[in-house]
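# After the sequence you'll find the predicted model.
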Amino acid sequence: MSNVVKASLHNHSIYSGNSASQRCTLERMIEKAFDVDLQILAITDNNSDRSIDLILANSSKMKYSITDFDDRGIIINKKEHELCLIRGAEIFTDKGHILSIGHEGKMCFNKKHDLFDILGEIKDRGGLAIPAHILHTQIGGMKKETLLEIIDYIDAVETFNAYNIKVFPRMIDATRFNLLAKKFSQEYHIPGIASSDSHHIDQIDRAYVLFNKDKLNYSSGKKFVDSIRTSLQNNEFKNYESYVPKVEIMRWILSININPIKKVKNLTNLLRKELLGYFVN
Ligand SMILES: [Zn+2]
């Protein structure tokens, strides 16, 4: 593809409501996106889509200029480099996690979302609906039967999640969920995207989607999101995939709680879940 743009579509900031992403301030994420030459960045916090509004509210303090914006996205410039920051959220539903990318207006979040209500809302607001880390049910991925129920209402599925790795020897090898997701995407002819699911600044370009810039329409937020949807439908994209290194996963696990007792508890829980997964699977 000529004139390629890099789009990282699944990333967490400090507004994800947990301490795991505590170092991912919006300013640092934007800075990092410029450093690694990303052109499109969606911040998809857990049950929150307010990052764009916060950036606009604090734009006078930003060291980069915002050259255009609407309700779905903003264009930030650093000299000749242009970054399109898209509104997004990772929504926890009763049937699993789903990304909403580029929807119009702030969504209303609560503690428990009905998957079908959320799908209706994403569609009404013109966003892209993309189930995250599918088939890996231990971390909120949807089951195959759920995906088949909603397949006509989603724009793509995540077929590569950079966190789906094998953390410990002899334990569940989560890379196989990426393989299963790809198989699902191929079998049911639904576009499959790669994403970082970043919880640390250094991870935002671990995995991303490459689009042809000539196929994207930057004239409005709506047209931009619609052109991404069309590129996905027409298979006019490629994925870049690399895994988060084990050492970073360990650092992430250890960063979840500052309290050392809680750290030990977290690790014990993880080991128990992994062992359970190993024996079940
Ligand atoms: Zn996520």
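Thanks, I have the structure now.
# Quick check: closest non-adjacent residue to residue 11.
Nearest non-adjacent residue to residue 11, counting by C-beta to C-beta, 6 or more residues apart in numbering: residue 198, 4.5 Å away. Yep, even glycine has a C-beta here, placed from its N, CA and C like the rest.
# swap that for residue 220, sorry
residue 70 (6.3 Å).
# Show me what that neighbour is bridged to.
Using DSSP bridges, the bridge partners assigned to residue 70 are residue 73.
# Flag every residue of the stretch 101-250 of the chain that's near the ion.
Neighbours of the ion within the stretch 101-250 of the chain, by C-beta under 5 Å from the ion: residue 197.
# for this protein, what helix or strand is lowest in average pLDDT?
Ranked by mean pLDDT, DSSP states H and E, the helix or strand of the chain with the weakest confidence is helix 260-280, at a mean of 62.
# Need the pLDDT of the closest residue to residue 234 other than its chain neighbours.
Among residues not flanking residue 234 along the chain, residue 215 sits closest, at 8.0 Å (C-beta to C-beta, 6+ apart). On pLDDT, residue 215 comes in at 97.
# mind listing the strands for this structure?
4-11, 40-43, 65-70, 73-78, 81-86, 88-93, 96-101, 128-131, 157-161, 192-195, 207-212, 237-241 (DSSP state E).
# What's the local residue count around residue 209?
Neighbourhood size, residue 209 [other C-beta atoms under 10 Å]: 25.
# My guess is it contacts residue 193. True?
Yes - distance between residue 209 and residue 193: 5.2 Å, which falls inside the contact criterion (C-beta atoms under 8 Å).
# so what sits against both of the two?
Taking C-beta atoms under 8 Å, 6 or more residues apart in numbering as the contact rule, residue 209 and residue 193 both touch 9, 237, 239.
# and the residue in the stretch 1-150 of the chain positioned nearest to the ion, what does it touch?
Across the stretch 1-150 of the chain, no residue is closer to the ion than residue 90, which sits at 4.6 Å (C-beta to the ion). Residues counted as contacts of residue 90 (C-beta under 8 Å, 6+ apart) are 10, 12, 16, 44, 45, 46, 47, 97, 98, 99, 132.
# Mind doing that once more with 7 Å?
By C-beta atoms under 7 Å, 6 or more residues apart in numbering, the contact list for residue 90 reads 44, 45, 46, 97, 99, 132.
# my guess is residue 77 meets residue 65, correct?
Yes - here residue 77 reaches residue 65: they are 5.2 Å apart, a contact under C-beta atoms under 7 Å.
# Of the two, which one has the most company?
Legend: neighbour count by other C-beta under 10 Å for residue 77 and residue 65, higher for residue 77 (14 against 11).
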